[in-house]
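Colleague: can't give you the sequence, but here's the structure:
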């Protein structure tokens, strides 16, 4: 058993490891392939598309195939997808933007050889989604077949918990690779004029993808030697090939689905879960980019912090919500109230995002004019001024320098600089005519954007808010009351439907529309060049913050379904209790109350499919009414 559990645990680790690493690298992929955030969202969504293409087929054919070998094949497909993704790195040119500070070369008529190489990344991610599909459904059913009823839940919980280490190590690897230059080992990093804090920096995204492919390849080995089916623990013969819990025949599928969707409590919970998925997926995908732009920290540090955020979220969701439910013995109604309260708290706390204000970067010709006066609108670009008109500068490049006046210039050329000293990151530009327009002083510039002190000071408060939000929303995300609201034979099917709908309506569209909204905040798009120079964008940080905060408000919409379940469960209990009281009132005039008691018990048992906890709550009501009936009999016959 230990060997089988170890194999499944490692496969769960591998898929979590690769998935989280890819999430951490999308900013690097965006820069390397010069694509928009919305296209990055499409690449991210391709994983869900691949998964959904085969998940239903895999789940249906699971009992009829050799499950360990199918899982092994899935791990190999995941590995193949990773190797396909890194192909563009070895066939496209190297970024050359760091070699010069004067951009006077025109690029008209120049055709990019690497324009569509990002399609390799999309295809590889699609393959990863296809390969990951069998691991969860077939792995869980395989455990349920050989484990006893009392051990099955423990084994499944252990395997799924081991998957939590995958995202943690994935984001740690992402943080490490983001700190390495994309052409590490080929280019002398000492000659670069940018650092990992620069928004033009491209990390070694391909290095971690290769490692993810190797890990997925290794995860396939143990499954080739596992048997097709196993004897039940404590039994000497093979049991049926698949547990009934994981198998629904074709003729029963639609009636069972109709019965499940007819459960209004489950349906409302499903709606809330989809909204919750949208919010979480969007934040995980683009929060590092937001932190980099808003607070001027390196993408490597932002990725590491998001990894810690996710670890807290998963740990609290796994243990915190369940502990509270067990400790305080929460009923289904109380759990709906608890979910509503936590989501309301999350929404109110998320409004504090608007207070994490950060001043807009002062860029000459974009947000301020060359005299240092703020422009009333961002729509008009005046990059060429009298101070740099004779420099013949290329306006499409983003190679920022910081002037001694505290204003950032798009390039040293557009700052009007005539000479330079030093090399690499220590290069200083002198005799910059545009710097002198905003006042007297030293007319020099240094590489990089000007620092924003207010942003640095507010960052610790932002991290505290992020941690508080993760803790709050994870407490209310426990699916326990969803499971308790359906009958036992539908529990696994309900979890499958929840996962399927969450991926189709949450995991797939969220990265795309989040990315499209981020693209609308762009102030300055760079240009593509034959040399492979990657574009970079300057964004309206306050617009980006507002868009991310507002698109994170599906959590607000999720409050309504929980309120609906709260009201519905309370109303159901009130109606049924009033009927019980009415029947018990007839007991005092009856010589034989047994038929009424039988009726009450029958009605109570019938509502089992609606809510297990509601049933027990009504049993308590029956006991109370029986006690009242006994007192009634004593008063009647004494």
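Modeller: Thanks, I have the structure now. It should be emphasised that the depicted structure is a prediction, and the values quoted were computed from it without experimental measurement. Numbering: from 1, shown residues only.

Colleague: domain assignment for the protein?
Modeller: Segmentation of the chain into domains, based on automatic domain parsing, reads 1-232, 254-360+453-522+539-569, 362-451, 570-637.

Colleague: Lowest average pLDDT across those domains?
Modeller: For the domains of the chain, mean pLDDT drops lowest on domain 570-637, to a mean of 49.

Colleague: Could you tell me the end-to-end distance of stretch 390-400?
Modeller: End-to-end distance of stretch 390-400 (C-alpha to C-alpha, to the nearest Å): 19 Å.

Colleague: Show me which positions of that stretch end up buried.
Modeller: Burial within stretch 390-400, assessed by neighbour count using 16 or more other C-beta atoms under 10 Å, is assigned to 391, 393, 394, 396, 397, 398, 399, 400. The way it works is simple: take the backbone N, C-alpha and C, and place the C-beta from them, glycine included.

Colleague: And for stretch 5-12?
Modeller: By 16+ other C-beta under 10 Å, the buried positions in stretch 5-12 come out as 5, 7, 8, 9, 10, 11, 12.

Colleague: Which parts of the stretch 151-300 of the chain are strands?
Modeller: With DSSP state E, counting those that start in this stretch, there are no strands along the stretch 151-300 of the chain.

Colleague: can you pull out the helices in it?
Modeller: For the stretch 151-300 of the chain, applying DSSP state H, counting those that start in this stretch gives helices covering 165-178, 205-220, 250-261, 264-295, 299-315.

Colleague: could I get the ones you listed as a markdown table with mean neighbour count and distance to residue 34?
Modeller: Compiled in a markdown table, the helices of the stretch 151-300 of the chain are given as follows (neighbours: other C-beta atoms under 10 Å; distance: least, C-beta to C-beta, whole Å):
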| stretch | mean neighbour count | distance to residue 34 |
| --- | --- | --- |
| helix 165-178 | 23 | 18 |
| helix 205-220 | 22 | 14 |
| helix 250-261 | 12 | 45 |
| helix 264-295 | 23 | 15 |
| helix 299-315 | 21 | 17 |
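
Colleague: Let's have the buried residues of stretch 390-400 in JSON lines, adding secondary structure and distance to residue 443.
Modeller: Formatted as JSON lines, those follow (DSSP: H, G, I helix; E, B strand; the rest coil; distance: C-beta to C-beta, whole Å):
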{"residue": "391", "secondary structure": "helix", "distance to residue 443": "15"}
{"residue": "393", "secondary structure": "coil", "distance to residue 443": "17"}
{"residue": "394", "secondary structure": "coil", "distance to residue 443": "22"}
{"residue": "396", "secondary structure": "coil", "distance to residue 443": "25"}
{"residue": "397", "secondary structure": "coil", "distance to residue 443": "22"}
{"residue": "398", "secondary structure": "coil", "distance to residue 443": "22"}
{"residue": "399", "secondary structure": "coil", "distance to residue 443": "19"}
{"residue": "400", "secondary structure": "coil", "distance to residue 443": "17"}
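
Colleague: For these, please prepare JSON lines with the additional fields distance to residue 367.
Modeller: Output for the buried residues of stretch 390-400, formatted as JSON lines (distance: C-beta to C-beta, whole Å):
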{"residue": "391", "distance to residue 367": "21"}
{"residue": "393", "distance to residue 367": "19"}
{"residue": "394", "distance to residue 367": "20"}
{"residue": "396", "distance to residue 367": "18"}
{"residue": "397", "distance to residue 367": "18"}
{"residue": "398", "distance to residue 367": "14"}
{"residue": "399", "distance to residue 367": "17"}
{"residue": "400", "distance to residue 367": "12"}
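
Colleague: ok, so of those residues, who is nearest residue 213?
Modeller: residue 398 (32.9 Å; C-beta to C-beta).

Colleague: gap between the closest one and residue 371?
Modeller: As for residue 398, its distance to residue 371 is 22 Å (criterion: C-beta to C-beta, to the nearest Å).

Colleague: With residue 392 instead?
Modeller: From residue 392 to residue 371 the distance is 22 Å (C-beta to C-beta).

Colleague: and if you look at residue 472?
Modeller: 47 Å.

Colleague: So if I had to pick from these two, which one is more boxed in?
Modeller: Here residue 472 and residue 371 are compared on neighbour count by other C-beta atoms under 10 Å; more neighbours surround residue 472, at 22 against 13.

Colleague: SS state for the more buried one?
Modeller: At residue 472 the chain is in helix, as set by DSSP: H, G, I helix; E, B strand; the rest coil.

Colleague: Residue 274 versus that one, what's the distance?
Modeller: Separation of residue 472 from residue 274 (C-beta to C-beta) stands at 20 Å.

Colleague: Isn't residue 31 up against residue 200?
Modeller: Yes: between residue 31 and residue 200 there is a contact under C-beta atoms under 8 Å: 7.1 Å.

Colleague: quick one, which of these two is more surrounded?
Modeller: Neighbours were counted for residue 31 and for residue 200 using other C-beta under 10 Å; residue 31 has more, 24 against 21.

Colleague: How about the secondary structure of the more buried one?
Modeller: At residue 31 the chain is in helix, as set by three-state DSSP.

Colleague: what's the distance between it and residue 306?
Modeller: In terms of C-beta to C-beta, residue 31 sits 18 Å off from residue 306.

Colleague: cool, residue 449 as well?
Modeller: As judged by C-beta to C-beta, residue 449 and residue 306 stand 22 Å apart.

Colleague: cool, residue 6 as well?
Modeller: In terms of C-beta to C-beta, residue 6 sits 29 Å off from residue 306.

Colleague: out of everything not next to it in sequence, what's closest to residue 72?
Modeller: Residue nearest to residue 72 in three dimensions, not counting chain neighbours: residue 223, with 3.7 Å by C-beta to C-beta, 6 or more residues apart in numbering.

Colleague: And for residue 311?
Modeller: Residue 311 sits nearest to residue 168 (C-beta to C-beta, 6+ apart), 5.0 Å away.

Colleague: I'd assumed residue 309 was in contact with the one you found.
Modeller: No: Residue 168 is not in contact with residue 309 according to C-beta under 8 Å; the separation is 10.9 Å.

Colleague: Mind telling me what element the closest residue to residue 212 other than its chain neighbours is part of?
Modeller: What sits nearest to residue 212 in space, not counting adjacent residues and going by C-beta to C-beta, 6+ apart, is residue 18, at 3.9 Å. Using DSSP states H and E, residue 18 sits in helix 2-32.

Colleague: For residue 392, give me phi and psi.
Modeller: Torsion angles at residue 392 (phi, psi; degrees, to the nearest 10) stand at phi 50, psi 50.

Colleague: can you check the one 10 residues further on too?
Modeller: Phi and psi for residue 402, reported as degrees, to the nearest 10, are phi -100, psi 120.

Colleague: give me every residue that touches the residue nearest to it when sequence neighbours are not counted.
Modeller: Distance criterion C-beta to C-beta, 6+ apart; nearest residue to residue 402, sequence neighbours excluded, is residue 450 at 4.0 Å. By C-beta atoms under 8 Å, 6 or more residues apart in numbering, residue 450 lies in contact with 361, 362, 402, 403, 406, 407, 408.

Colleague: need the contact list for residue 359.
Modeller: Going by C-beta under 8 Å, 6+ apart, residue 359 touches 452, 454, 455.

Colleague: nope, residue 516 is what I was after
Modeller: 37, 38, 41.

Colleague: ok so it is a helix residue?
Modeller: Yes: judged by three-state DSSP, residue 516 forms part of a helix.

Colleague: any idea how far residue 80 is from it?
Modeller: Distance of residue 516 to residue 80, computed by C-beta to C-beta: 30 Å.
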